[in-house]
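> Return atomic coordinates for the entry below.
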Amino acid sequence: MLLVMDIPLMALPAKVIQGADSFPLLAIPFFMFVGEVMNRGGIARRLVDFADALVGHITGGLGHVSILSSMFFGGICGSAVAETAAIGGLLIPPMKKQGFPGPLAAAICASAAVIGIIIPPSIPFILFGIITSTSIARIFLGGIIPGIIVGLALMVTTYFITKKQGIARPAPDRTFSLRRVGQTLLSAGWALSIPVIIVGGILGGVFTATEAGAVSAFVAMILGLFVYREISFKDLPGIFLATGKTTATVLYLCGMAMCTAWLLTRARVPFELAAMVQSITDSQLGVLLMTNVLLFFVGFVMDLTPAMLILAPILLPVMQQVGVDPVYFGVLMSVNLGIGLITPPVGTVLYVATGVAGVKFEELVKSIAPFVVAEVAVLVLLIFFPQVILFIPNLVLP
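This is a model prediction of the structure:
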């Protein structure tokens, strides 16, 4: 594109550096760090124990525990890949012992990881807010109800699959215990305070989304080192290194994708796309359906981060021309591209789940199909009922 548009090649490094040189993007390494600390510092295990006390007695057992744990984990970390590694590593081995086939156990953990990028804090929400100048606080609030609905849809799917296959039935002596819920809540309470601090601090104007990442990283480290005492100062260099590697990948993608988005905008692609779409239909619902079908197929061949960074600045003007709220579209786009994380051939979360569970990729793809259908059904619900997303943002930050 640079050559065809007769733009000097030196524009490439300049735009890549400019794309990555963003203060709000600092939230990403902080939340990545939180994920690493949670994996090693006993926080994830305590969240799993609390989830087990709440839903472990239902048919589907540890499948429901995996989904609910992902909802808790997502409220702290915001990364689907980190969530798959942490929750999958903890729960897939005992799920197999409970009678789950390996591919089904991996499918439940992988599909539940999508919740991690819907319930705030969410790295895709932060990216969308940065590149479209949309309120990150409002997007965070918009993700709460959709995240809960996705979790419930996956739990219903798990219940019917396990009941039909006759697996993961609760033991006769396994019943709901309020005492155990209280004990595990006490143990996990400090960890569960992190999302309250993050969202409450942003809404109260105490700190920005970026600063919230720093606060959550500090709290997670204090919990791991001094409260739960399951990591030591000797573990910190390894945690920092792992965080640095993941962050380097994400920021490189950010820089290159922002350069691509700049080129596409300079080539007037957003304006041409808007004109093309409006020549087909000027109905808000029609434009939304067309755009979401496009995003769904993009999710098959492109990872979430570059897809978000390239397409958000192109598609948002089209949405705004038909009166779509940017916060609504940001959540909708994140959910849609999040489904792409569990669809082949480029489903990043699928590859992490195959490694954690030790199953074949094609077996996992077959097992995850019903869960993809459940998440697509939720996406359709969100398209037809925008207030599911906008109710809390309009209520709290009108």
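> Can you give me the neighbour number for the nearest residue to Ala80 once chain neighbours are set aside?
Of all residues not flanking Ala80 in the chain, Ala113 sits nearest, at 4.3 Å (C-beta to C-beta, 6 or more residues apart in numbering). Glycine gets a C-beta too; all of them are placed from N, C-alpha and C. Neighbourhood size, Ala113 [other C-beta atoms under 10 Å]: 32.
> Packing partners of the helix or strand harbouring Ala113?
In this structure, Ala113 sits in helix 102-113 according to DSSP states H and E. Applying 3 or more C-beta pairs under 8 Å, 6 or more residues apart in numbering; DSSP states H and E, we find helix 102-113 packed against helix 62-74, helix 80-97, helix 144-165, helix 348-357, helix 361-384.
> what's the average pLDDT for the following helix or strand past that helix?
With elements assigned by DSSP H and E, the helix or strand that comes after helix 102-113 is helix 123-132. The average pLDDT for helix 123-132 rounds to 91.
> ok, now stretch 177-190?
Stretch 177-190 carries an average pLDDT of 92.
> now do stretch 383-398
So the average pLDDT for stretch 383-398 ends up being 94.
> about what we covered before: now tabulate the helices and strands packed on helix 102-113 in JSON lines and tack on mean neighbour count.
Below are these laid out as JSON lines (neighbours: other C-beta atoms under 10 Å):
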{"stretch": "helix 62-74", "mean neighbour count": "29"}
{"stretch": "helix 80-97", "mean neighbour count": "24"}
{"stretch": "helix 144-165", "mean neighbour count": "19"}
{"stretch": "helix 348-357", "mean neighbour count": "22"}
{"stretch": "helix 361-384", "mean neighbour count": "17"}
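> for the ones you listed, which one sits closest to Ala217?
The closest of those to Ala217 is helix 80-97. By C-beta to C-beta, the value is 12.9 Å.
> Run the angle between that closest one and helix 123-132 for me.
On the basis of axes from the mean of the first three to the mean of the last three C-alpha atoms, to 10 degrees, helix 80-97 is oriented at 160 degrees to helix 123-132.
> Can you tell me what sits against helix 80-97?
Residues from elsewhere that reach helix 80-97 (C-beta atoms under 8 Å, 6 or more residues apart in numbering): 32, 35-36, 38-39, 44-45, 48, 62-63, 65-66, 69-70, 73-74, 77, 102, 105-106, 108-110, 112-117, 168, 246, 304, 338, 341, 348-349, 352-353, 356-357.
> which residue is nearest the middle of the chain?
Closest to where the C-alpha atoms of the chain average out (C-alpha atoms, centre = their mean) is Ile117, at 1.5 Å.
> ok, it touching Cys77?
No - between Ile117 and Cys77 there is no contact under C-beta atoms under 8 Å: 9.8 Å.
> Quick check: which helices or strands does the lowest-mean-pLDDT helix or strand in the chain pack against?
Using mean pLDDT, DSSP states H and E, the weakest-scoring helix or strand in the chain turns out to be helix 269-280, at a mean of 81. Other elements packing on helix 269-280 under the criterion 3+ C-beta pairs under 8 Å, 6+ apart are helix 284-301, helix 304-321.
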